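>>> Sharing a model that was predicted from the sequence below.
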Amino acid sequence: MQKTLKSSVTFKGRGLHSGKPVRMTLRPAPVEFGIWFKRTDITDADPMVPAHWQSAVHTPLCTRLVNDDAVEVSTVEHIMAALAGCGVTNALVELNGPEVPILDGSSVLFVRRLLAAGIVEQDAPLRAIKVEKTVEVRAGDSVARLVPSDHLEMHFEIDFADAAIGQQSKSMSLANGAFVHHLCDSRTFCRQSDVETMRSQGLALGGTMENAIVVDGADVLSPGGLRHQDEPVRHKMLDALGDLALAGAPVMGQYYGYKAGHTLTNKLLQKLMSDPTNFSIVECDAAQAATLPGAGVSRADLAQFS
């Protein structure tokens, strides 16, 4: 069945790249609504921005959505991952600025509040996008691929010169709450050498040592170090789930990413959707619904964050 929030939840913070303060409220929505963003600070144009792959603009450091009136919302990947990972299919995301708050750099605070608010089933069937043919996109040595499967699996590999990250790989099924249990608290990361470059370009203005893992060679500069030994690759998987959520429905397939990022995952969705024989839309029965990322997630899962 489709799902929405039992009650609204509000977040306050700053945008990672803009550095601007923002207030964001997630509200329940009716069946077949999907996920939409609404810019409450916009009065002279259409404030509604769909959470959809066709609205994504290619940017290397975040996922940005733009509607036909050029109204935009950026850095949506962490909240989209939280919604997908908690099984929320219908919600209105209101915010009074151009960027989703970064909070601690992961999805964990979103997940906590979503679970505390409660997630309720709605009287409408849940549909998923089932990958029927292998599709792949490349950029240099970076690769993103979707392979047919009866549930969402993910394999990701990264390779950084900094020894604090180095080569990492991880594989997992995202069925039955795996995102909530294993990925949602993994934070975004960057190299210290890149920080000044990004800021000179007007990016990462809201970044701090508390909302990102900053590394320099073999050293992790952020206080407290890593939450997981392989936190960087886990975060890349978090990002990929958020970007795949822009398909408009849960994806059933194996995702493989090697040095992949937001742009490549969006191009993968474009290629998947470019040929109707690449996928099918399935109305999920109970067994299929049980394999999706948000299946079985409830308030009881809050205990792991205490």
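Alright, I've got the coordinates.
>>> you'd agree Leu83 is up against Arg113?
No: using Cβ atoms under 8 Å, Leu83 is not in contact with Arg113; the gap is 11.6 Å. The way it works is simple: take the backbone N, C-alpha and C, and place the C-beta from them, glycine included.
>>> more crowded one of these two?
Leu83 (30 against 17; other Cβ atoms under 10 Å).
>>> Tell me which other helices or strands the helix or strand harbouring the more buried one touches.
Using DSSP states H and E, Leu83 falls within helix 77-85. Counting by 3 or more Cβ pairs under 8 Å, 6 or more residues apart in numbering; DSSP states H and E, the packing neighbours recorded for helix 77-85 are helix 108-117, helix 231-244.
>>> Give the buried residues for the helix or strand that it is followed by.
Next in sequence after helix 77-85, counting helices and strands by DSSP H and E, comes strand 91-95. Going by neighbour count (16 or more other Cβ atoms under 10 Å), the buried part of strand 91-95 is Ala91, Leu92, Val93, Glu94, Leu95.
>>> same deal with stretch 18-30?
Ser18, Gly19, Val22, Met24, Thr25, Leu26, Pro28, Ala29.
>>> List the contacts of it.
4-15, 36, 74, 79, 90-101, 114, 117, 122, 205-206 (Cβ atoms under 8 Å, 6 or more residues apart in numbering).
>>> what about burial for those, which qualify?
4-5, 9, 11, 13-15, 36, 74, 79, 90-95, 97-101, 114, 117, 122, 206.
>>> for the protein, what spans make up the helices?
77-85, 108-117, 178, 192-200, 231-244, 262-273, 286-289 (DSSP state H).
>>> From the helices and strands packed on helix 77-85, pick the one with the highest average neighbour count.
helix 231-244 (a mean of 26; mean count of other Cβ atoms under 10 Å).
>>> any idea how far Gly87 is from the closest residue to His181 other than its chain neighbours?
Of all residues not flanking His181 in the chain, Gln304 sits nearest, at 6.8 Å (Cβ to Cβ, 6 or more residues apart in numbering). From Gln304 over to Gly87 the distance is 17 Å, taken as Cβ to Cβ, to the nearest Å.
>>> who's more crowded, those two?
It is Gly87, of Gln304 and Gly87, that has more neighbours when counted by other Cβ under 10 Å, with 26 against 12.
>>> For the closest residue to the more buried one other than its chain neighbours, the count of nearby residues, please.
Nearest residue to Gly87 in three dimensions, chain neighbours excluded: Gly294, at 2.0 Å (Cβ to Cβ, 6+ apart). By other Cβ under 10 Å, the residues close to Gly294 number 26.
>>> and the nearest residue to Asp150 once chain neighbours are set aside, bridged to which residues?
Of all residues not flanking Asp150 in the chain, Met252 sits nearest, at 6.2 Å (Cβ to Cβ, 6+ apart). Beta-bridge pairing for Met252 (DSSP bridges): Lys130.
>>> thought Met252 was touching Val147?
No: Met252 is beyond contact range of Val147, at 10.9 Å (criterion: Cβ under 8 Å).
>>> give me every residue that touches Arg64.
Ala56, Val57, Glu72, Val73, Ser74, Thr75, Val76.
>>> From His17, how far out is it?
9 Å.
>>> between those two, what contacts are shared?
Ser74, Thr75.
>>> quick check: domain ranges of this protein?
As assigned by automatic domain parsing, the chain contains the domains 3-121, 127-305.
>>> Just put these in a markdown table and tack on mean pLDDT.
Shown next, in a markdown table, are these (pLDDT from 0 to 100):
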| stretch | mean pLDDT |
| --- | --- |
| domain 3-121 | 95 |
| domain 127-305 | 92 |
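>>> spatially speaking, which residue is in the middle of this structure?
Residue closest to the mean C-alpha point of the chain, counted by Cα atoms, centre = their mean, is Gly242 at 2.0 Å.
>>> quick one, what contacts it?
Thr63, Val76, Glu77, His78, Ile79, Met80, Ala81, Ala82, Ala84, Ser107.
>>> count of neighbours near Ser171?
Residues near Ser171, counting by other Cβ under 10 Å, number 12.
>>> An error on my part: the question was meant for Glu210.
13.
>>> can you pull the contacts of it?
Here Glu210 is in contact with Asp104, Gly105, Ser222, Pro223 (Cβ under 8 Å, 6+ apart).
>>> Need phi/psi at it.
As for Glu210, its main-chain torsions (degrees, to the nearest 10) stand at phi -90, psi -20.
>>> where does Val251 sit relative to Gly34, distance-wise?
Per Cβ to Cβ, Val251 is found 15 Å from Gly34.
>>> out of these two, which sits in the more crowded spot?
Val251 (27 against 16).
>>> I'm done for today, thanks for sticking with me.
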